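Requesting a structural model of the entry that follows:
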Amino acid sequence: NYMDLPTEHEKKLLIDLIKDINPDLIGISIRSTFFPVAKDITVRLKSNFDTPVIWGGVHPTICPEECIEFADIVCIGEGENPVVELASKLKSNENITNIKGLWIKKNNTIIKNELPNLLEDLDSLPLPSFDGENTYAIENNKLCGGDPYYKDDLTHYNFMTARGCPFHCSFCSNSILKKIFKDKGPFIRQRTVESVITELKLVKKRFKKLEIVSSNDEIFCLNKEWLKEFCERYKKEIKLPFHCDIYPTFANENIIRMLKGAGLRTITTGIQSGSERLRTQLYGRKMSATELKNTAKLFRKYKIFPSYDLIFDNPLETEQDVRDTLHFMLELPRPFRINMYSMQYHPKTELTEKLLKEKLIAISDIDGMSLKGFKQWHVNFDYKTEKNELIFLYKLFLLLSCFINLSKKNPGRVISVFPRWIIRFIEKNYYFRKYPRLTGW
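Numbers count the residues shown, from 1 in each chain. Next up, the predicted model:
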C-alpha cells in the first residue's frame, strides 16, 4: 500500500552520479503520482548543473502547462522520435526549437510546437536490451550498477503488444489522451505477432529461470485474427504459462478457449463496482451484471484463475454500494482474487472534474498535488481513519479473495478459500459489525 519517497541520501547519490556521467541532457519520465518528486529532483538538478532537463510521460502530456514551470523542455505524447531528434540536434549544435511534440522554454518564453502524429509502426521500435550497460539504480539508500529487475534469476517477465484503449472510463487518463491525440492517427496500434514472439524468444533464451510471462496491454484481445495467430505460435514456440488483462465484454468463449489452449493460467479484469449505478453511470463501464457473471463462468469453465479489480473510496459511493458490490462478488464462481484499489483522482478526467465541480474533492486531492498515490494505492484498513462499518465490509472482501500458487512447486494450487456461508453469517452478525476490531481480523 505504501511507496517510499526518495531519501535525502538517495537524492545526493543521484546528484553525484550525474556529476560523474556529465550528460548533455537529463530526462525524467513522470506519472502524475510522481510529480512532487520530479519537481524536487529537478530543482536540485538545476541548482547543480546547467544541463537541460526534459520531462516526459503521461503527466507532462496531460498537464504540460504546470510541468514547463520546472523543466526546460516538456515532451508531450510518445517521445521515441522527438527525443532522438532532440539528442541529434544537441550533439550537432543545431536549433532545437522547432521539434514537434516538444514545449521548450527559451528567453522567458515558451515555444509550443504542434504534436506529431502517433507512431503507427510499433515494430519499428527496437526490442528491449537486457545487458544493463550504462544503467544504474538507486534504492534502499544504495547506488547499484545494472538493472535491478533483469537479473539472471528473473522468473516473471512483462511485455506489451499494443498501445491505446478503445474504452472511455471516466476515471482513466486514457480518456484524456484520446482527446489530446484526436486527428493524430489511430489511437490503438498493435505490434505484429512476429515482433512479439521474437521478443519472448529473446527473453526466454536470456533468462533461464523464467516461469511465466505477463501482458501489460490495456486490453490483450483487441484483434481476434491477431490473437488466433499469437496463440498458435505462442503454444508452439514459447510454451510458458502467461497472464493477461481483458475487458469483460471481450471475453467470449472462443477467445477464452484460445487463450487457455495457448497457456493462459491467470487473467485480470475490471469489475470496479458491483453497484450497477456506479459501474455504468458514474464510471462509464457499459457492462451488465449478467455479462460480468457470464465472463466469470467462462473463467471457471476453462480453469483460468481470475483477479477482479474493484475501486473504493469514491465520495459518491455509499455504504449500500459497498454492500451491493460484496453481494455481487459472493455470486461469482470461485476461486478468484480481489484487487481492492482506492480511487485516485487523475488530472482532468471526467470523474475528477465532476467531483471538483460538486466540491466533493479539492484541487489538493488530485493525483500529482496529493501524495495519496504514495501512501494509499489500495484500500486503507486503519480504524483510525475510516468508519468501522466500512472497515468491516472491506475485510469481508479479504475473506472472499483467494490466492493461487504460480511457482513451479504445486503450480495452480489455490490458497485460502473461505466458505461463502461464513462470510454471509459474519456480515449479518451484530457483534462482528458493531465491534470489528475485537474480532481480531
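
from memory Thr42 sits against Phe70, does it?
Yes - with contacts counted by CB atoms under 8 Å, Thr42 reaches Phe70, the gap being 4.8 Å. Every C-beta, even on glycine, is put in place using the N, C-alpha and C of the backbone.

Quick check: neighbours shared by the two?
53, 55 (CB atoms under 8 Å, 6 or more residues apart in numbering).

quick check, Thr266 in a helix?
No - looking at Thr266 with DSSP: H, G, I helix; E, B strand; the rest coil, it is strand, so not inside a helix.

what about stretch 109-128, average pLDDT?
Averaging pLDDT along stretch 109-128 yields 96.

what sits up against it?
So stretch 109-128 is contacted by 68, 76-78, 80-82, 97-105, 162-163, 180-181, 184-187, 189-192, 194-195, 198-199, 202 (CB under 8 Å, 6+ apart).

Just the buried ones from these?
68, 76-78, 81-82, 99, 101-105, 162-163, 181, 187, 189-191, 195, 199 (16 or more other CB atoms under 10 Å).

The residue nearest to Leu298 when sequence neighbours are not counted and Pro306, how far apart?
Once flanking residues are discounted, Leu298 sits nearest to Ile256: 4.7 Å by CB to CB, 6 or more residues apart in numbering. Separation of Ile256 from Pro306 (CB to CB, to the nearest Å): 11 Å.

Quick one: residues contacting Ile15.
44-45, 48.

Scan those and report the most crowded one.
Each of the contacts of Ile15 was scored for neighbours by other CB atoms under 10 Å, and Leu45 scores highest at 21 neighbours.

Correct me if wrong: it contacts Leu25.
No - if you go by CB under 8 Å, Leu45 and Leu25 don't touch, sitting 11.5 Å apart.

tell me, what's touching those two both at once?
Shared contacts of Leu45 and Leu25 (CB under 8 Å, 6+ apart): Thr51.

Mind checking which of the contacts of stretch 109-128 are in helices?
80-82, 180, 194-195, 198-199, 202 (DSSP state H).

re the thing from before, more neighbours, Ile256 and Pro306?
Pro306 (24 against 21).

How is that one assigned, secondary-structure-wise?
strand.

Show the contacting residues for it.
Applying CB under 8 Å, 6+ apart, one finds that Pro306 lies in contact with 266-269, 296, 299, 336-337.

how about those residues, which pair is most distant?
Spatial extent of the contacts of Pro306 (CB to CB) is set by the pair Thr266 and Ala296 at 14.0 Å.

So if I had to pick from these two, which one is more boxed in?
The neighbour comparison of Thr266 against Ala296 (other CB under 10 Å) goes to Ala296, with 22 against 19.

Which helix or strand contains the more buried one?
Here Ala296, judged by DSSP states H and E, is contained in helix 289-301.

And that helix, what's buried?
Result for helix 289-301 [16+ other CB under 10 Å]: buried residues 289, 292, 295-296, 298-300.

okay if I get those residues as CSV plus pLDDT and distance to Asp382?
Converted to CSV, the buried residues of helix 289-301 look like this (pLDDT from 0 to 100; distance: CB to CB, whole Å):
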residue, pLDDT, distance to Asp382
Ala289, 95, 31
Leu292, 96, 30
Thr295, 96, 33
Ala296, 97, 31
Leu298, 97, 37
Phe299, 97, 33
Arg300, 96, 34
